[in-house]
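K.L.:
Next input, structure requested:
(one chain, ligands or ions: 1)
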Amino acid sequence: MKDKIARIKENIEKSLQEIKTGKELYELKVNYLIGKMSEIPSLMKELGKADKDERPKLGQMINGLKDWATEVIAEKEKAIAEIERRARYEAETIDITMPAKKREEGSLHPVTVIKNELVEIFSGMGFMVMETREIEDDFHNFTALNTPKEHPARDKQDTFYISDDLMLRTHTSPGQIHALKTLKPPFKVIVPGRVYRADDDATHSPMFHQMEGLAIDKKVSLCDLQGMLDVLVKKMFSSNVKTRFRPSFFPFTEPSVEVDVSCFECGGKGCKLCKGTGWIEILGGGIVNRKVIENCGLDPDEYTGFAFGFGLDRIAMLKYGINNIHILYEGDVRALKQFKIL
Ligand code: DAH
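P.N.:
Reported below is the predicted structural model:
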């Protein structure tokens with residue numbers, strides 16, 4: 001047994017001199033120290049067969065061998081790690097004269113930029129953001145919004161029907177119904193999202209984006225809407241932009257208004273963008289029709305609100321001077337690159 005201990009020590013010493021890599025060293029460790037059948041632990045097992053008198057002495061020797069082996073292997077591990085680190089550094093020399101790899105940089109889509117800007121502004125005014133479904137039923141898209149069966153907005157030429165009762169939403173206004181049915185007044189909410197209409201020309205695309213707004217409380221008036229919109233357009237376009245209300249009609253608001261902003265391009269003098277009028281139409285809105293509030297199970301004598309809706313694509317086109325909506329959706333990188341507006 002003593003011979004065996006000496007031989008193992010000798011072998012380890014010899015191997016250590018030859019070993020150059022971490023892998024080889026690990027194999028050595030497995031063979032002598034940590035493997036299931038490795039040499040030093042096997043010696044311990046054999047100890048039982050040795051003479052009783054010799055056992056304590058042999059035990060000590062084996063333990064000594066184990067401590068020694070652990071230490072020398074650890075030292076060698078350190079030395080190899082250092083050598084390998086140096087070799088890696090040398091291999092990794094950087095040639096600073098090499099031309100840099102060009103990384104193509106993406107950018108956000110103009111409509112996304114506008115949406116993010118608006119979400120930021122509305123959040124600052126206490127509006128929460130709600131996203132509702134794109135496939136709607138008749139109740140949410142039309143009936144609850146006080147749009148009766150014969151209303152022209154239901155025309156099959158405008159609406160993409162999926163079945164008698166289901167359709168791709170034609171506007172984000174059904175978001176108002178979801179909000180009224182799920183949120184507890186008072187609340188302020190915006191609903192951005194995709195909408196669909198069978199309409200296709202330079203300023204219309206079958207899929208486009210809208211943002212709906214709804215504020216419900218007691219005694220809400222048109223002044224509240226106007227005050228809020230005034231802040232909005234100043235933040236969105238420029239601080240000297242003004243708003244103007246024109247009477248209009250929507251089934252879900254009464255009274256209804258169409259809102260113009262003074263032209264941010266010419267300051268109101270008249271230019272190509274505002275078609276010489278000095279004003280640009282940006283959204284529709286009004287005081288929520290009593291019937292809509294009633295349809296959602298609330299008391300219109302107690303709760304009132306204002307609502308508004310507008311096209312995000314339209315705002316993007318106005319802001320970035322895009323004259324054809326299809327530029328936004330054809331995915332032509334050359335066109336979109338011009339609006340690198342991260
Ligand atoms: N839903 C209307 C549309 O698609 C826009 C709109 C007008 C929304 C007036 C409103 C509103 O909330 O009050 O043309």
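K.L.:
hey, let's count contacts and neighbours off CA atoms from now on
P.N.:
OK.
K.L.:
Please enumerate the strands of the stretch 201-342 of the chain.
P.N.:
207-217, 243-250, 253-262, 279-288, 304-311 (DSSP state E, counting those that start in this stretch).
K.L.:
I'd like the ones you listed laid out as JSON lines, including mean pLDDT, mean neighbour count and distance to the ligand.
P.N.:
Formatted as JSON lines, the strands of the stretch 201-342 of the chain follow (pLDDT from 0 to 100; neighbours: other C-alpha atoms under 10 Å; distance: least, C-alpha to the nearest ligand atom, whole Å):
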{"stretch": "strand 207-217", "mean pLDDT": "98", "mean neighbour count": "22", "distance to the ligand": "6"}
{"stretch": "strand 243-250", "mean pLDDT": "96", "mean neighbour count": "16", "distance to the ligand": "6"}
{"stretch": "strand 253-262", "mean pLDDT": "96", "mean neighbour count": "21", "distance to the ligand": "5"}
{"stretch": "strand 279-288", "mean pLDDT": "97", "mean neighbour count": "24", "distance to the ligand": "3"}
{"stretch": "strand 304-311", "mean pLDDT": "98", "mean neighbour count": "24", "distance to the ligand": "4"}
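K.L.:
Nearest to Lys188, out of those strands?
P.N.:
Among the strands of the stretch 201-342 of the chain, the nearest to Lys188 by C-alpha to C-alpha is strand 207-217 (4.2 Å).
K.L.:
Excluding its own residues, what touches the closest one? List them.
P.N.:
Residues outside strand 207-217 that contact it (C-alpha atoms under 8 Å, 6 or more residues apart in numbering): 171-173, 175-176, 185-197, 303-313.
K.L.:
which residues touch His312?
P.N.:
Heads up, residue 312 is Leu, not His. Val111, Ile114, Lys115, Phe208, His209, Gln210, Met211.
K.L.:
And Ile177, by the same measure?
P.N.:
If a contact means C-alpha under 8 Å, 6+ apart, then Ile177 has His140, Ala144, Leu145, Val292, Cys296 as its contacts.
K.L.:
now it, what's its secondary structure?
P.N.:
Here Ile177 takes the helix state, with states given by DSSP: H, G, I helix; E, B strand; the rest coil.
K.L.:
From the ligand, how far off is it?
P.N.:
To the ligand, Ile177 is 11 Å away according to C-alpha to the nearest ligand atom, to the nearest Å.
K.L.:
ok, back up a step: from the contacts of Ile177, pick the one nearest Ile12.
P.N.:
Of the contacts of Ile177, the one sitting nearest to Ile12 (C-alpha to C-alpha) turns out to be His140, at 81.7 Å.
K.L.:
Give me the secondary structure label for the residue of the chain positioned farthest from its centre.
P.N.:
Checked against the mean C-alpha position of the chain, the extreme residue using C-alpha atoms, centre = their mean is Asp53, at a distance of 75.7 Å. Here Asp53 takes the coil state, with states given by three-state DSSP.
K.L.:
So what's the predicted local confidence for it?
P.N.:
pLDDT recorded at Asp53 is 88.
K.L.:
Tell me the residues of the stretch 101-250 of the chain that contact the ligand?
P.N.:
When proximity is defined by C-alpha under 6 Å from any ligand atom, the stretch 101-250 of the chain lies next to the ligand at His171, Ser173, Glu212, Phe250.
K.L.:
Got the domain ranges for the chain?
P.N.:
As given by automatic domain parsing, the domain ranges for the chain are 2-92, 110-339.
K.L.:
for Ala335, what are its contacts?
P.N.:
Neighbour list for Ala335: Ile327 [criterion: C-alpha under 8 Å, 6+ apart].
K.L.:
how close does it get to the ligand?
P.N.:
According to C-alpha to the nearest ligand atom, Ala335 and the ligand sit 27 Å apart.
K.L.:
Based on its surroundings, how many neighbours for Lys184?
P.N.:
Counted with other C-alpha atoms under 10 Å, the neighbours of Lys184 add up to 10.
K.L.:
likewise Glu150?
P.N.:
Applying other C-alpha under 10 Å, we find 8 residues neighbouring Glu150.
K.L.:
With the one 5 residues further on instead?
P.N.:
For Asp155, the neighbour count with other C-alpha under 10 Å is 11.
K.L.:
How much space separates it from the ligand?
P.N.:
Taken as C-alpha to the nearest ligand atom, the spacing of Asp155 relative to the ligand amounts to 14 Å.
K.L.:
And the pLDDT for that residue?
P.N.:
The pLDDT attached to Asp155 in the predicted structure is 81.
K.L.:
Report the buried residues of the helix or strand hosting Asn63.
P.N.:
With secondary structure defined by DSSP states H and E, Asn63 is part of helix 55-91. By neighbour count with 16 or more other C-alpha atoms under 10 Å, helix 55-91 contains the buried residues Leu58, Ile62, Leu65, Lys66, Ala69, Ile73, Lys76, Glu77, Ile80.
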